[in-house]
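Asker: Sequence and predicted structure below; questions after.
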Amino acid sequence: MKKKHYLIAIAVCLLAAVGVFYYYLMSGFSTSETTQYVYIDDNDDLDSVSNKLLPIASEPAITAFKTLARHGGYAEKIRSGRYAIKPGENALTVFRNLKNGHQEPVMLTIPESRTMDRLAGSLSRKLMVDSTVLAICLQDNDFCQRYGCDTSTIACLFVPNTYEVYWNTSIDYLMERMQKEHKHFWNDERTKKASAIGLTPNEVCTLASIIDEETANNAEKPMIAGMYLNRIQKGMPLQADPTIKFALKNFALKRIYHDMLFIDSPYNTYRKEGLPPGPIKIASIAGIDAVLNRVAHNYLYMCAKEDFSGTHNFAVSYSDHLRNAARYSKALNERGIK
């Protein structure tokens, strides 16, 4: 009789233990009513992963996760990534997602950065990549040549769209993806249009980057593209003010003064004929398509309008251009813009 009672007691204890474990295992993991994200790095261990989960996890759930991790071999094979913790998911589901590397992608938008340092900084805020390491890669000629570019033209590889990628994407994979997207963007239609105006895709991006810096008015960009192409065809220097800002690495300049035009730089289009060695920013798609679909006209000069509308006065003759420039200079002086 005593043995029977003893067995019953053991069974009750076992059932209670199973019930408690089931409660810990199957109860909701997150305390939030919205999806939360946890970022697991390459150097994380079980303790640091648990600490990252702790702010969003219920007490039973984090206990269950640690138990599963200790007995499920998770500590020996932690997978980096961006993991979604959705409302209603239990500890077992979260554990399986992390252990099997079932991460959530991020939507990565390539910004129209002026320098590769800035691009690296922007991408590192969305990805696991180290900004310093990426910046060094983008300034290394051997690295850039793997993707058909050099340090002057590597900006051409980046088409400023939004892409779905994984947070722990490596630099090599990221660049391979950008190369694939670049080839997709430069389809037969765009390549033929570039050839028809005597430019390579990289040269189109270079001219487009200058036009982007001249105006934010997309409707006017094909007009500006036509003017610069006219100057190239006549062997005239572009004399594009944005290239002076780039050469000086001073993008906040409101006015370009005469003494600035003598800077010794391959990007100084007042002293160097033709296009600079590469883009002065990541060219916008609107800018690229403006070059490929430039407006045919006879204009050789342009100057910002004195109404500060962001558009330009165009001129065929240098004398007309000087009159336009005088009006704009007067407007700058009246506003006290130095």
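Answerer: Perfect, thanks for sending it.
Asker: Run through the protein and note the low-pLDDT ranges.
Answerer: For the chain, the stretches with pLDDT under 70 are 1-26.
Asker: What segments of it are helices?
Answerer: Applying DSSP state H to the chain gives helices spanning 2-26, 46-53, 59-71, 91-100, 116-124, 131-138, 141-145, 171-185, 188-196, 201-214, 221-233, 241-248, 285-292, 318-334.
Asker: From the contact counts, what lies against the last one?
Answerer: Which is helix 318-334. Applying 3 or more C-beta pairs under 8 Å, 6 or more residues apart in numbering; DSSP states H and E, one finds that helix 318-334 makes contact with strand 301-304, strand 312-315. Placement of C-beta: from N, CA and C, glycine included.
Asker: Over to the fourth one?
Answerer: Contacting helix 91-100 under the criterion 3+ C-beta pairs under 8 Å, 6+ apart are the following elements: helix 2-26, helix 59-71, strand 81-85.
Asker: Kindly calculate the angle that the second one makes with helix 46-53.
Answerer: Helix 59-71 and helix 46-53 are oriented at 160 degrees to each other (axes from the mean of the first three to the mean of the last three C-alpha atoms, to 10 degrees).
Asker: where's helix 59-71 relative to the chain centroid, distance-wise?
Answerer: Its chain's average C-alpha position is 37 Å from that of helix 59-71, according to C-alpha atoms, centre = their mean, to the nearest Å.
Asker: about what we covered before: can you redo the helices and strands packed on helix 318-334 as a markdown table with mean neighbour count and distance to L261?
Answerer: Shown next, in a markdown table, are those (neighbours: other C-beta atoms under 10 Å; distance: least, C-beta to C-beta, whole Å):
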| stretch | mean neighbour count | distance to L261 |
| --- | --- | --- |
| strand 301-304 | 21 | 15 |
| strand 312-315 | 20 | 19 |
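Asker: possible to save the ones you listed as TSV with distance to I154?
Answerer: Shown next, in TSV, are those (distance: least, C-beta to C-beta, whole Å):
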stretch	distance to I154
strand 301-304	29
strand 312-315	30
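Asker: nearest to D47, of the ones you listed?
Answerer: With C-beta to C-beta as the measure, strand 301-304 is the member of these nearest D47 (59.0 Å).
Asker: Strand partners (parallel or antiparallel) of that closest one?
Answerer: strand 312-315 (antiparallel) (DSSP bridges).
Asker: Name the residues that touch the partner strand?
Answerer: 214-215, 220, 223-224, 227, 297, 299-305, 321, 324, 327-328 (C-beta atoms under 8 Å, 6 or more residues apart in numbering).
Asker: Drop anything exposed from those.
Answerer: By neighbour count, with 16 or more other C-beta atoms under 10 Å, the contacts of strand 312-315 hold 214-215, 220, 223-224, 227, 299-304, 321, 324, 327-328 as buried.
Asker: Nearest to P276, out of the residues you listed: which one, please.
Answerer: Distance to P276 across the buried ones among the contacts of strand 312-315 (C-beta to C-beta) is lowest for E214, with 14.0 Å.
Asker: Who's the closest spatial neighbour of that closest one, skipping the chain neighbours?
Answerer: I224 (5.6 Å; C-beta to C-beta, 6 or more residues apart in numbering).
Asker: per-domain residue ranges of this structure.
Answerer: 24-100, 106-185, 188-297 (automatic domain parsing).
Asker: Who are the contact partners of the residue positioned nearest the centre of the chain?
Answerer: Taking C-alpha atoms, centre = their mean, the centroid of the chain lies closest to I110, which sits 2.6 Å from it. If you count contacts by C-beta under 8 Å, 6+ apart, I110 has them with 119, 123, 158-163, 178, 282.
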